[in-house]
Every structure is written in C-alpha cells, then in structure tokens.
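S.K.: Sequence below, structure please.
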Amino acid sequence: GPVQAQFAAAKGKLLSKMSKKHTCETIIPILVNLKAMLEKNKSPLIKPLMAFLREIFRSWKKEVKEALANNPTLMEELEYESKKYTLAQKSKKERLEKGKLELLQKALGEGEDPAGPKEGKSRANQQKERLARLAGTLAAL
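M.R.: Numbers count the residues shown, from 1 in each chain. Sure thing, here's the model as predicted:
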C-alpha cells in the first residue's frame, strides 16, 4: 500500500545518499592522488581530470565538500574551476546568440537598397528573396 511505497522511496533515497557518500569517500582520495601525480609529471591529462572532478563537484557538492574537508586547497580549486567553467559556458552561449543575431540581421539586410527597388525587381520580389535567404540562414542554425 501507500506505506510500502513511502518506505521504498525512503529506502531508495537513503541508498542513493549512501552510494554518493561512499563514492566520494573512496574515489575522491584516489583522484586527489592522481592529480598530484599528474601535476608532478606535468601531464596533459590534468585537464580532463579536473573536468571530471568539476563535474563530480557540480553534481555532488555537499558530498565532495565532506570528502575534501582535509584538503581545502583542492576544494577551493574545484570551486574556482566550477565558477570559471560556468562563466565560460555563459560567455560561449552569449557569443553564439550574438552570432545568430548577426546572421539574421545580415540575411534580412542583404540586397536592400535604401533608394528603393532595383530595376526589374518589384519590392515584393526583393522581400521574397530576403525571406528565402532568411529561411536558409535559420535552417543552418
């Protein structure tokens, strides 16, 4: 009945929490040691390792903080990396949106003659051409 469903949900939640905590307590120290070794050897693998740590940090912030209680330097580094990554993603998204807007403006503005329609082409035909270019641009996005 409903009590069993609540019990099953609570059990699932508890097991999930225990799994996260166990993962953090066992995996994080290994990753910290791996990071130190990679830094010592100036390995290019440090970048993907930090990306992985950043994702774990973003997903399980509380558990990671507990696991890294004795390593505040790495905790600060992960917080910094996480903020830097978030800002970079936001900037990338803004640049992409700006690029799309510029493409649309270009598609709409191309071929427009402020003096009026070109000889042999009506204003309606010019608008059709601009709309066709716009549709092509939108399809490319």
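S.K.: what's the least confident helix or strand in the protein, going by average pLDDT?
M.R.: helix 123-140 (a mean of 74; mean pLDDT, DSSP states H and E).
S.K.: buried ones in that one?
M.R.: Of all the residues in helix 123-140, those buried under the rule 16 or more other Cβ atoms under 10 Å are 126, 130, 133-134, 137. C-beta: built from backbone N, CA, C; applies to glycine.
S.K.: any idea which element the most centrally placed residue in the chain lies in?
M.R.: In the chain, the centroid-proximal residue (Cα atoms, centre = their mean) is residue 89; its distance is 5.3 Å. Per DSSP states H and E, residue 89 falls inside helix 72-109.
S.K.: What mean pLDDT does that helix get?
M.R.: On average, the pLDDT along helix 72-109 is 82.
S.K.: Which strands or helices does it pack on?
M.R.: With contacts defined as 3 or more Cβ pairs under 8 Å, 6 or more residues apart in numbering; DSSP states H and E, the packing partners of helix 72-109 are helix 46-59, helix 61-67, helix 123-140.
S.K.: Save those as TSV, and put in distance to residue 101 too.
M.R.: Shown next, in TSV, are these (distance: least, Cβ to Cβ, whole Å):
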stretch	distance to residue 101
helix 46-59	29
helix 61-67	35
helix 123-140	11
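S.K.: Between these, which one is closest to residue 104.
M.R.: Nearest to residue 104 among the helices and strands packed on helix 72-109 is helix 123-140 (6.3 Å), distances taken as Cβ to Cβ.
S.K.: For the closest one, name the packing helices and strands.
M.R.: helix 72-109.
S.K.: which ones are touching the residue nearest to residue 79 when sequence neighbours are not counted?
M.R.: Spatial nearest neighbour of residue 79, chain neighbours left out: residue 57 (7.6 Å); criterion: Cβ to Cβ, 6 or more residues apart in numbering. By Cβ atoms under 8 Å, 6 or more residues apart in numbering, the residues touching residue 57 are 64, 78-79, 81-82.
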